[in-house]
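>>> below is the structure, and that's it, no one-letter string:
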Ligand SMILES: *Cc1c(COP(=O)(O)O)cnc(C)c1O
């Protein structure tokens, strides 16, 4: 296909987590979705936005959402940008910073979509190995690539680095340090303050996990106004439709509902961690809404298959550094009790 750029012609493309067609008959713990519904205020806001006004374009700058986020995170509105999922921001950050043949980096393992985005752009990739105790191997005194993605808390382990450690990494980066905080709402702290302190730090967030809105595609970034202005030039000018904007603002405003949901998930996570350790599993301490766990025989595939046969869907990675374990998203406490009972039976 000579019409295509060679990198696009040869690339494999990203494979999203499996969504079973008969979703209702599964306990679905494979893509870190929130087991609780979105806030009733969000449903109401979407209903109100569904009507005659859909014939008109949405607000191009998602002003209401930016203002709600500015209030929530304590940054001026021009330090914030709203996106059609945080994936859109990860994509546009690469496009903004790394030309063809230029280098970006991330940890191995971490979110595998960074690789696909770099491949599409034609950027080169460098990876630094991450150990299960949170040690980053071979990170140079000065990293001169255009951009470094740090997933914090990390995926799939759920480990979290404190602000001091991330600040030190920022000082060692010549390019942007993008702290992908997709799971920060489930952690004890975050790196928001670094955006003010370090000129090269950008923080990205998503409403997919902690706000139960994976189906709406909503994300945001906090960055210096000059970075926000650059991202504003690159994005689709109407990147958030009217329903998404209504949902975004309502979700960020209803903090009581949000806090209650997050607290329940964290309590369930801590309960499951203890229960699995008692079963002889190795459990990496998690600051996210999932656990990376290894059965006593360190055969992740065996346990994945046995859970699958019981219609419990978790995430198994065939990558040799991950094949000894499984990533289990935290569901409701009932779902976790059923999963634990299945794991006891499987042995
Ligand atoms: C889920 C996830 C995202 C994507 O978030 P969306 O807003 O749904 O696009 C980004 N980064 C990491 C690490 C994630 O796990």
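Okay, I see it. As the structure is a prediction and not an experimental result, all values here were calculated from the model.

>>> could you look up the SS state of the residue lying closest to residue 154 once chain neighbours are set aside?
Excluding the flanking residues, the one nearest residue 154 by Cβ to Cβ, 6 or more residues apart in numbering is residue 110, at 6.1 Å. (C-beta placed from N, C-alpha, C; glycine too.) Under DSSP: H, G, I helix; E, B strand; the rest coil, residue 110 falls in the coil class.

>>> how deep is residue 110 tucked in, by neighbour count?
When counting by other Cβ atoms under 10 Å, one arrives at 21 neighbours for residue 110.

>>> residue 84 contacts residue 218, doesn't it?
Yes: with contact defined as Cβ atoms under 8 Å, residue 84 reaches residue 218; the gap is 7.5 Å.

>>> looking at those two, which is more packed in?
Neighbour count, other Cβ under 10 Å: between residue 84 and residue 218, residue 218 has more, with 27 against 18.

>>> common neighbours of residue 84 and residue 218, please.
Common contact partners of residue 84 and residue 218 (Cβ atoms under 8 Å, 6 or more residues apart in numbering): 240, 244.

>>> got a list of what the residue nearest to residue 154 touches?
By Cβ under 8 Å, 6+ apart, the contact set of residue 110 is 130, 149, 151, 154-155.

>>> now swap in residue 284 and tell me
Per Cβ under 8 Å, 6+ apart, neighbours of residue 284: 132, 157-159, 291-293.

>>> tell me the phi and psi of it?
Backbone torsions of residue 284, given as degrees, to the nearest 10, read phi -80, psi 130.

>>> how much space is there between it and the ligand?
As judged by Cβ to the nearest ligand atom, to the nearest Å, residue 284 and the ligand stand 16 Å apart.

>>> residue 251 now?
Residue 251 is 12 Å from the ligand, where distance means Cβ to the nearest ligand atom.

>>> number of residues surrounding that residue?
25.

>>> state the phi and psi torsions of it.
Main-chain dihedrals, residue 251, degrees, to the nearest 10: phi -70, psi -40.

>>> quick one: contacts for the residue lying closest to it once chain neighbours are set aside?
Sequence neighbours aside, residue 211 is the residue nearest to residue 251 in space, at 4.6 Å (criterion: Cβ to Cβ, 6+ apart). With contact taken as Cβ under 8 Å, 6+ apart, residue 211 is in contact with 34, 38-39, 42, 218, 251-252, 258.

>>> thanks a lot, catch you later.
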